[in-house]
Structures are given as C-alpha cells and as structure tokens.
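In: Build the 3D model from these lines:
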Amino acid sequence: MPRGWPTESIMVRAAKNMVSEIDALAASMDRSRNDLVVQALEQYLQTNAWQMEKIREGLAAAREGSVVVADEVFSGIAAKHGWAR
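Out: Okay, here's the model as predicted:
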C-alpha cells in the first residue's frame with residue numbers, strides 16, 4: 001500500500017502463537033506488525049482475485065464446450081515428463 005493512501009483500522013483476532021510469530025518475523029525484518037499483516041492481506045487478495053478470474057474463465061470455456069477430456073490432459077502431462085500412464 002503506497003504511503004499517503006487513505007486507511008481504515010480493522011480488528012483481527014488471531015491465536016497468540018500466530019501473533020508471536022508475526023511479531024518475531026517483523027522484528028527480524030525491522031518492520032512493524034502492521035506492515036507484515038498488510039503485506040499478507042495484499043498477497044492474499046491478489047492471489048484469490050487471480051484464482052477467481054481463472055475459475056470464471058474456465059467455467060465460461062466449459063459452457064462454450066471448449067474442454068479437454070481429463071484422460072487426455074493426464075496423458076499429455078505424463079508424456080511430457082516421460083511418466084508411464
């Protein structure tokens with residue numbers, strides 16, 4: 001999150017050992033607990049947005065009939081890596 005962006009506080013409850021791990025990691029990186037939690041949330045949101053987009057694309061392709069039989073996919077992967085199938 002770039003500096004100067006508007007922010008809003010949120011409250012999150014986490015297991016004590018998780019908070020301790022966050023604090024230890026933050027200290028070792030000379031960063032604040034907040035910095036680490038915000039970074040983790042950003043990564044989580046980016047990853048899940050990407051996954052949801054890929055799922056939507058896959059569902060749209062399936063609705064259009066653009067699919068490959070699973071056995072063909074598995075056989076192609078096995079052949080690429082030299083695995084017996």
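
In: Tell me where the chain has helices.
Out: 16-28, 33-63, 70-81 (DSSP state H).

In: Show me how far the longest one is from its chain's centre.
Out: Mean C-alpha position of helix 33-63 versus that of the full chain (Cα atoms, centre = their mean, to the nearest Å) differs by 5 Å.

In: what's the answer for the first one, then?
Out: Between the centre of helix 16-28 and the centre of its host chain there is 21 Å, according to Cα atoms, centre = their mean.

In: Mean confidence (pLDDT) on stretch 7-25, please.
Out: Per-region confidence: stretch 7-25 scores 96 on mean pLDDT.

In: Ok, stretch 50-70 next?
Out: 95.

In: contacts for that stretch?
Out: With contact meaning Cβ atoms under 8 Å, 6 or more residues apart in numbering, stretch 50-70 is reached by no other residue. (C-beta placed from N, C-alpha, C; glycine too.)
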